[in-house]
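Asks: I need the structure of the sequence given here:
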Amino acid sequence: MRHPKILQREKTTLLIIDIQEKILPVINEIENVILNTLKLINGFKVMNIPIFYTEQYPKGLGTTEKRIKEALENSEAIQKMSFSCSGAGDLFNELKNKNISQVVVCGIESHVCVQQTVLDLIANGFQVDVAADAVSSRRKFDFEMALNRMRTNGAEVTTTESILFELLNVCGTDEFKAVSKIVK
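Replies: Numbers count the residues shown, from 1 in each chain. Below is the predicted model of the structure:
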């Protein structure tokens, strides 16, 4: 028997929250966040797992960071004005309709949009896995407090590589080889 919190690809999605151009210069460790988000995107694409991404008030904060947008190819951002993605159109219902129960979350800022989304996802019955190396805030203290609060409220706080290998489940496959190259 496997642990029920281990990610299963047929139940999982990736949600990228608000990694937008105009706020990037003030975000702590932003290059690591971008690189780990790209690893998640590319790994999820190899495994054919759905990906959603949001933009908070793009008129003020700009659009999604260029490399991330390119990796997402022709996907459309879900525009929102609310901090939580619970206010991003019909996103939560769409996830439920696709039988998704596990949501991997990355993005910014940890203590605002990410945290509120994670708490709302949990309140709506989703298991949430936060990629701690793919989220950040302007201040390290806010980031640390947000991870603690999300964990205390039931989020699984883990890493990009853990998430990808959990979804792979086994080695020796073409997918394993492709993902192994992505995480190196």
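
Asks: direction included, what does the longest strand along the chain pair against?
Replies: When the chain is parsed with DSSP state E, its longest strand is strand 127-136. In the sheet containing strand 127-136, its partner strands are strand 102-108 (parallel), strand 156-158 (parallel), by DSSP bridges.

Asks: which ones are touching Thr13?
Replies: Ile49, Pro50, Ile51, Phe52, Leu95, Lys98, Ile100, Gln102, Val103, Val104 (CB atoms under 8 Å, 6 or more residues apart in numbering). Just so you know, the C-beta spots here come from the backbone N, C-alpha and C atoms, and that holds for glycine as well.

Asks: repeat the analysis, applying 6 Å as the threshold.
Replies: Applying CB atoms under 6 Å, 6 or more residues apart in numbering, we find Thr13 in contact with Pro50, Ile100, Val103.

Asks: helix or strand: which one has it?
Replies: For Thr13, the enclosing helix or strand under DSSP states H and E is strand 12-17.

Asks: picking up where we left off before, pick the most buried one from the strands paired with strand 127-136.
Replies: Among these, the stretch with the highest mean neighbour count (mean count of other CB atoms under 10 Å) is strand 102-108, at a mean of 27.

Asks: could you check the angle strand 12-17 makes with that one?
Replies: Between strand 102-108 and strand 12-17, the angle comes out at 20 degrees (axes from the mean of the first three to the mean of the last three CA atoms, to 10 degrees).

Asks: I'd like the next helix or strand past strand 102-108.
Replies: Scanning forward in sequence from strand 102-108, with DSSP H and E defining helices and strands, the next element found is helix 115-123.

Asks: what comes up buried for that next one?
Replies: Gln115, Gln116, Thr117, Val118, Leu119, Asp120, Leu121, Ile122 (16 or more other CB atoms under 10 Å).

Asks: format these as JSON lines; extra columns: pLDDT and distance to Met81.
Replies: Listed next are the buried residues of helix 115-123 as JSON lines, based on pLDDT from 0 to 100; distance: CB to CB, whole Å:
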{"residue": "Gln115", "pLDDT": "98", "distance to Met81": "17"}
{"residue": "Gln116", "pLDDT": "97", "distance to Met81": "13"}
{"residue": "Thr117", "pLDDT": "97", "distance to Met81": "14"}
{"residue": "Val118", "pLDDT": "98", "distance to Met81": "19"}
{"residue": "Leu119", "pLDDT": "98", "distance to Met81": "18"}
{"residue": "Asp120", "pLDDT": "97", "distance to Met81": "15"}
{"residue": "Leu121", "pLDDT": "97", "distance to Met81": "18"}
{"residue": "Ile122", "pLDDT": "98", "distance to Met81": "22"}
